Every structure is written in C-alpha cells, then in structure tokens.
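In: Whatever this is, show me its structure:
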Amino acid sequence: MHSAALAALLMRHHDNAAVQDVLQRLDKDVLIGTLVYSDPATGGHGWYPLSSKTRRNDDGSIQLIKYGSWSTSAGFADFYVAQAASPDFDGDYSNLSVFLVFKDEIRANSDDWQALGMHGNQSSAMILEAKLPAGRVVGPIGDGAISNDEVVDDHSLTF
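Out: The predicted structure follows:
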C-alpha cells in the first residue's frame, strides 16, 4: 500500500506543494504512506465511499470525515492518501476527490485486527476527521475516479 500511496502522489500530482514536501522527506524522515479507500458500508469497493463526507469551508479549506473499513499500517503510517466524496458530491459516484492526511489527523487501532492470513500488515478500521488546507487535495476536486482508474487500481490490485 505504500507503493500505491506513492503512485497516487507521484504519478499524477507531483506539482502540489504538500505532495512535494512529503516526497522530498521520504528517505530523510523515513516516511511510510498508505491508502484509505475502503468503506465500512461497501468493504473493498472504494469507488463507493458511502461513509465519507466533505465540505468546502469559507476559507477554502476542506472539512473531511471519512470512515475506512481497513487500511494497511493504520495508525503506524506517517501519511494517508484518502478518497472521499467531493464537496459537491450530490450522489454522483464519479465525483470523488483524493486527500493527503497525516498521522495526527486519524484515529485507528490495529490491536484487534484478526483477518485470516493478514495479521502482519497492521490493518485497522480508521476514522479521518480533519480540517484540511486546500493544498491537501491531491489533484483537482472530482478527480478521484480518474485517479483510481489511472493509478491506484493499477498499483494496489496487482500486488
């Protein structure tokens, strides 16, 4: 999932200042990333984020609430690439957005993770609830479905 998170940042949106900062610090600060695309209502069907909501605030920031059914390295990763419904979602599941979220903006507990054959990956359900600066949107608002098809699915589904 670290490779897929990096792909989501590097392959399409490397011109974003927040993304550049993370990419420049990867080796020096030994940063680990992961994806938060799953949803407790739909499981692995990340393209239906029923348990997420975003709102654009008057100051341009984004209020994000996202529940993930599992995320590899949840609570241990330094950064999270999360997909949620866009602020102007209105029920259109092609209108998704991707956000860069940091460890101090999530809640997760992998102590009770009991998936058969997957104990070592520290997966967990998680909650993201944060006010994110506009620069933490990875790509344009509404780009999530395209980034799924072009990057994330290619990296996360082939491993």
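In: ok, which stretches of this structure are strands?
Out: Assigned by DSSP state E, the chain shows strands spanning 33-36, 52-56, 62-71, 79-85, 96-102, 106-108, 124-132.
In: Any idea which of those gets closest to Val19?
Out: strand 96-102 (6.5 Å; CB to CB). Using the backbone N, CA and C atoms, a C-beta is placed for each residue, glycine as well.
In: tilt between the closest one and strand 62-71?
Out: 80 degrees (axes from the mean of the first three to the mean of the last three CA atoms, to 10 degrees).
In: If you average the pLDDT over strand 96-102, what comes out?
Out: In this model, strand 96-102 carries a mean pLDDT of 92.
In: circling back to that earlier point, please tabulate the strands of the chain in a markdown table, including the columns distance to Val19 and mean neighbour count.
Out: Formatted as a markdown table, those follow (distance: least, CB to CB, whole Å; neighbours: other CB atoms under 10 Å):
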| stretch | distance to Val19 | mean neighbour count |
| --- | --- | --- |
| strand 33-36 | 11 | 27 |
| strand 52-56 | 18 | 18 |
| strand 62-71 | 15 | 22 |
| strand 79-85 | 9 | 27 |
| strand 96-102 | 6 | 25 |
| strand 106-108 | 18 | 20 |
| strand 124-132 | 13 | 19 |
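In: how about the helices in the chain?
Out: Here the chain has its helices, by DSSP state H, at 2-13, 17-25, 144-147, 153-156.
In: which one of those helices is the most hemmed in?
Out: helix 144-147 (a mean of 22; mean count of other CB atoms under 10 Å).
In: which stretches of the protein have low pLDDT?
Out: Along the chain, segments meeting pLDDT under 70 span 12-14, 43-48, 70, 72-73, 109-124, 148-159.
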